[in-house]
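Novice: Provide a 3D model corresponding to the input given below.
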Amino acid sequence: MKILIAEDNKPSSYILAKFLEPYGECSIAENGMIAVDLFVQSIQEGSPYDLVCIDILMPKMDGLKVLKAIKEIEKETKEADQPAVKTMMVTALGDTNNIYKAYEDGCDAYIIKPYTREKIFESLEDMGFSPQR
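Specialist: So this is what the prediction gives:
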């Protein structure tokens, strides 16, 4: 499994990458624009991401805009037999407006910081992912 973490806080991105290691290879983007660029690059290379974890509060492009851009790019480029990328918002913003907007724009899971390894694993399981052996 190929995972993109869009998170500008280095300790948070490191911890999330450590949690996700059993599930696959992680790439980290420190702002929203880099995340979208990496997403596009992965498609162009024929090796798209399976999961994108997105913080909302990021420089250059916030996480909700990243989510929307990823879903639009995918709609334009995805082959009919390819599964859709799963998206997980991992953010400190727990207000209903942000949660509603994220789900409306196509996120599959919304996790509020601080999170636990168990909460991450539970969300991954709900999305159909399991650790690689």
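Novice: alpha carbons only for contacts and neighbour counts from here, please
Specialist: OK.
Novice: Point out where this protein drops to low pLDDT.
Specialist: Scanning the chain for pLDDT under 70 picks out the ranges 133.
Novice: for it, what spans make up the strands?
Specialist: With strands called from DSSP state E, the chain shows them at 2-6, 25-29, 51-54, 86-91, 109-112.
Novice: buried set for the last one?
Specialist: Taking 16 or more other Cα atoms under 10 Å as the basis for neighbour counts, the residues of strand 109-112 that come out buried are Ala109, Tyr110, Ile111, Ile112.
Novice: Export those to a markdown table and append columns for distance to Lys78.
Specialist: Shown next, in a markdown table, are those (distance: Cα to Cα, whole Å):
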| residue | distance to Lys78 |
| --- | --- |
| Ala109 | 21 |
| Tyr110 | 24 |
| Ile111 | 26 |
| Ile112 | 29 |
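Novice: thinking again about what came up before, just name the most buried of the strands of the chain.
Specialist: The highest mean neighbour count among these, using mean count of other Cα atoms under 10 Å, belongs to strand 51-54: a mean of 26.
Novice: Give me the helices and strands touching it, please.
Specialist: Packed against strand 51-54 by the contact rule (3 or more Cα pairs under 8 Å, 6 or more residues apart in numbering; DSSP states H and E) you find strand 2-6, helix 63-77, strand 86-91.
Novice: Out of those, the one nearest Asn97 is which?
Specialist: Nearest to Asn97, of all these, is helix 63-77, at 11.4 Å by Cα to Cα.
Novice: So what touches the closest one?
Specialist: 6, 32-33, 35-36, 39-40, 43, 54-57, 84-85, 87, 89, 101-102, 105-107 (Cα atoms under 8 Å, 6 or more residues apart in numbering).
Novice: same question, stretch 53-62
Specialist: 3-8, 30-33, 63-64, 66-67, 87-91, 93.
Novice: Repeat that for stretch 19-32.
Specialist: Stretch 19-32 has contacts (Cα under 8 Å, 6+ apart) with 1-10, 13, 17, 35, 38, 58-63, 65-66, 117, 120, 129-133.
Novice: Having no further points to raise, I will conclude here.
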